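Q: Predicted model and sequence below, questions to follow.
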Amino acid sequence: MTIDKSWTQIRKRSNSVVFWQGLQSFLQMAKPHVNDRGFIRCPCNRCINNAQHQLEVLETHIHRFGFMSDYNEWIYHGKNVNAASSSNVPQPNSGVHDRDEMFEVLEDIISNDAEVDQLGSQSSNVQYDDLFTALNSELYPGVSSFSSLNFLVKLMHLKVMNKWTNKSFDELLKLLKLAFPKIDLVESHYEAKRLMTKMGLGYQSIHVCKNDCALFWNENSMSETCPVCSESRWKMQEGRRTGKNVPHKVLRYFPLAPRLKRLFATSKTAKLMRWHQAGKSTDDNVMRHPVDGRAWKDFDRKHPEFADDVRNVRMWPVVLTTYNLPPWLCMKPEYLMLSLLIPGPQSPGKDMDVFLRPLIEELKELWENGIDTRDAGNDRKVFKMRAALLWTVNDFPARSSLSGWSGQGYKACPTCNEDTPSMRVIGKTAYFGHRRFLPSTHRWRSNLDFDGRTERKRPPRRFSSVDIMDQLRRVKTSIPGKHPNYGGVKRKRGDDELNWRKKSIFYELPYWAEIELKHNLDVMHIEKNICDSLLGTLMGDPHKSKDTDNARRDLQHLGIRSELHLYEDGNKLMKPAAEYTFSEANRRKFCRFVRSVKFPDGFAGNLSKNVAHNDSRIVGLKSHDCHVIMQRLLPVGCRFLVNKTISSTIIELCTFFNQLCARTVNVTDMVKAQDQLVIILCKLERIFPPAFFDIMIHLVLHLPEEAILGGPVYMRWMYPFERYLKRLKDYVRNAAKPEGSISEGYVVDEALTFCSRYFDDIETRFNRPDRNDDGIHRTSRLFVFES
């Protein structure tokens, strides 16, 4: 029977039923002849039987590029298979086929698109038409080495890498048009960005009530008023709606599933998503990745069906990182994903759960049902990808908004819970009384030098997940939002509610209640706050010292350390000098020491700029400056400036932070540090007044246990995410609409980052040399030079 091949000559393919029917018949005929991996030669005008793809890719290619005009005998696809030696059939090139990198980019994007099926190939992929047109267009007549799309993507990549302004990019395009009149290039940055967006993954704009009561989403998507406070969805002028419907607030949600699927879309990242299984430590005492922590292992034990497939993803919000990746990639900005952009300018505070709703619904779907995903690291076979939220990382105030446990008051510690050691001092709450963590027979328990009393309390209890759920059942449900008549009404917590303000939305996830480590204590902010308190008190800084007049009055009320009590000298109130404060001469020595220190390039900022011109103060320290001072300078600088008891205690504390922040953490060291920290904090209580002990000092006690649960700190602190937020802020081009600018810039940058994985002929984020690259190949690298 003669096969009708006339459909292969049709040029206007998009709306041709004949072409579509002929293509489907061809695919059905070719289906039995795919190889054992499901691949077959592609007869499109681009591949010309040189490349092999799966059938759905063939379908897309033939529809986009057309069918080879001189391929008359379909020897690779079921007709006269034995006639492969026929001379009138084009043979595959034996040499290397020079392909445009963007062809491979679009191929990976389309082949992993779940919408590509027999019905979707014509309709749902219309967004790629402009991209294929640019891919098939020569940049300049006679230039075959660059397609128009390839050149534009690389030009945009250079813009992002070198931080060109939009105006400078427009001027460059004008110059290229002027110098090369026949060049096939867009007219402006706006057009280029619009084209790049088609390779991105987009986002959803969700309207929000002006009082943060609810989202106009799902069942409320068509509502004109808030279902909680009845306020209008739209901005009003003089009680009337403006000419155009403008919502009060807009939440930008970046769907998670397509972004996770894209990690598997290319072989350049698909294999890395399995690293956590093959690369985990073989020594149970050594941790270099969260997979080596007790929390990960406990999760695997409780959910074996999830752990069975190593490709299932573990992560944390709101800026998502994928912990399947190797430790040297997890925290790189190229692998971080923005999931939510919450409208400002104020933080939502207690109403954070309202904005997390879309993410939680998608996480539940990914846990319960998963999503079909093609794995480029496994012959593009489809598997059911599932994902789980491992923990959250945030500073302490944000932790309160996410977890529901208030970080203020007598019970501020989320680990000690209702047994938090605390006391009231003048004007504040001090978290003082760490002797209760000592063994019951320890001699310090009966020592009156701490607070004038003996300590008979037992150590705080360990609260299991069952205990926590018991507490949450007693928490009253509150109305969301800030409307003065609804969610904005302040209510007094009952005694049985402890410090719980709400039951977090994360508990809707089926596995969340059983997770051992739900919310990480952020070492970055804890270390900075301790450094500020310690350095401010040692230096006698009037703005940051904890040794205030009220702190001295506290000592008088407790009846301890009479040598430090305030006294009157005539009409003046005098404050005796304390041993824990530098003298004026020693303060200048320490400042000169900090000013004189030289660091390797990239190790630290220029700390000499933070020393006052008269060598009397150290000001303007940022988080990383405090990190360097605590671990490198303070242990050395204070050694001969205060007495040995004080200096040795400070050195022990700084040594612990140095040990905690190592790339590889030893479990035995952390178990020992747990006991040593109790002694260190008790020593500090004998040195400094109770007012010195804010909640950050107390939280240090729980850091070793969290390290045992979660693994190395550098994958659970805020440094990479703070830097990433700075990168997002740089996307702002319209100060009046910062959220919109960030969203659009992020989608374009996301697409360019994906494309740059395929580029070898220009410098990208993945192949650029180190900052201090001297051309010598090294087999090992120093951690201090890593970002």
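A: Cool, got the structure.

Q: the longest helix in this structure is where?
A: Ranked by residue count, the top helix of the chain under DSSP state H comes out as helix 667-687.

Q: For it, list the C-alpha coordinates in PDB.
A: C-alpha atoms of helix 667-687 as PDB (Å, rounded to 0.1, in the frame of the first residue of the first chain):
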ATOM      1  CA  VAL A 667      29.500  14.400  66.200                       C
ATOM      2  CA  THR A 668      31.700  13.600  69.200                       C
ATOM      3  CA  ASP A 669      32.900  17.200  69.300                       C
ATOM      4  CA  MET A 670      29.400  18.500  69.400                       C
ATOM      5  CA  VAL A 671      28.400  16.200  72.200                       C
ATOM      6  CA  LYS A 672      31.400  17.400  74.200                       C
ATOM      7  CA  ALA A 673      30.600  21.000  73.300                       C
ATOM      8  CA  GLN A 674      27.000  20.600  74.700                       C
ATOM      9  CA  ASP A 675      28.500  20.000  78.200                       C
ATOM     10  CA  GLN A 676      31.200  22.600  77.800                       C
ATOM     11  CA  LEU A 677      28.800  25.300  76.900                       C
ATOM     12  CA  VAL A 678      26.900  24.900  80.100                       C
ATOM     13  CA  ILE A 679      30.100  25.600  82.000                       C
ATOM     14  CA  ILE A 680      31.000  28.500  79.700                       C
ATOM     15  CA  LEU A 681      27.600  30.200  80.300                       C
ATOM     16  CA  CYS A 682      27.900  29.700  84.000                       C
ATOM     17  CA  LYS A 683      31.300  31.300  83.900                       C
ATOM     18  CA  LEU A 684      29.900  34.200  82.000                       C
ATOM     19  CA  GLU A 685      27.100  34.600  84.600                       C
ATOM     20  CA  ARG A 686      29.900  35.000  87.300                       C
ATOM     21  CA  ILE A 687      31.500  37.700  85.100                       C
END
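
Q: counting contacts, what elements does that helix pack onto?
A: Here helix 667-687 touches helix 644-660, helix 695-699, helix 703-710, going by 3 or more C-beta pairs under 8 Å, 6 or more residues apart in numbering; DSSP states H and E. Placement of C-beta: from N, CA and C, glycine included.

Q: pLDDT at Thr764, what is it?
A: Predicted confidence (pLDDT) for Thr764: 89.

Q: shouldn't it be in contact with Ser756?
A: Yes. Under the criterion of C-beta atoms under 8 Å, Thr764 makes contact with Ser756 at 3.9 Å.

Q: Compare neighbour counts for these two and give me the winner.
A: Using other C-beta atoms under 10 Å as the criterion, Thr764 and Ser756 rank with Ser756 on top: 23 against 20.

Q: The more buried one and Glu750 touch, don't they?
A: No. Between Ser756 and Glu750 there is no contact under C-beta under 8 Å: 11.0 Å.

Q: Tell me, how many residues neighbour Ser137?
A: Look at Ser137: counted by other C-beta under 10 Å, it has 13 neighbours.

Q: Kindly report the same for the one 5 residues further on.
A: The burial metric for Gly142, expressed as a neighbour count using other C-beta under 10 Å, is 7.

Q: For the remainder of this discussion, apply numbering that starts at 683.
A: Taking 683 as the first residue, the last one we looked at is Gly824.

Q: could you list every residue that touches it?
A: With contacts taken as C-beta atoms under 8 Å, 6 or more residues apart in numbering, Gly824 has no neighbouring residues.

Q: Where does pLDDT dip in the stretch 833-982 of the chain?
A: 920-925 (pLDDT under 70).

Q: next one: the longest helix of the chain to chain centre, how far?
A: On the basis of C-alpha atoms, centre = their mean, to the nearest Å, helix 1349-1369 sits 31 Å off its chain's mean C-alpha point.

Q: Report the spatially nearest residue to Val1157, omitting neighbours in sequence.
A: Trp1182 (4.6 Å; C-beta to C-beta, 6 or more residues apart in numbering).

Q: surely the one you found meets Gln1153?
A: Yes. Contact criterion C-beta under 8 Å: Trp1182 and Gln1153 qualify, at 6.2 Å.

Q: higher neighbour count, these two?
A: Neighbour totals were compared for Trp1182 and Gln1153, and Trp1182 leads with 22 against 18 (other C-beta under 10 Å).

Q: Could you measure from that one over to Gly1176?
A: 10 Å (C-beta to C-beta, to the nearest Å).

Q: which neighbours do the two share?
A: Arg1156.

Q: Excluding chain neighbours, what is closest to Leu709?
A: Leu737 (5.7 Å).

Q: what's near enough to touch the one you found?
A: By C-beta under 8 Å, 6+ apart, the contact set of Leu737 is Leu709, Ala712, Lys713, Val716, Gly720, Ile722.

Q: does the fifth one really touch Asn1060, like I thought?
A: Same thing as Gly720. No. Using C-beta under 8 Å, Gly720 is not in contact with Asn1060, being 11.6 Å away.

Q: so where's this protein uncertain?
A: By pLDDT under 70, the weakly predicted segments of the chain are 683-684, 696-697, 761-781, 794-809, 920-925, 999, 1455-1469.

Q: neighbouring contacts of stretch 1337-1357?
A: Residues contacting stretch 1337-1357 (C-beta under 8 Å, 6+ apart): 966-970, 1009, 1205, 1209, 1309, 1312-1313, 1317, 1358-1359, 1362, 1382-1383, 1385-1387, 1389-1390, 1393-1396, 1465.

Q: List only buried entries from those residues.
A: Neighbour counting by 16 or more other C-beta atoms under 10 Å classes 969-970, 1009, 1205, 1209, 1309, 1312-1313, 1317, 1358-1359, 1362, 1382-1383, 1385-1387, 1389-1390, 1393-1396 among the contacts of stretch 1337-1357 as buried.
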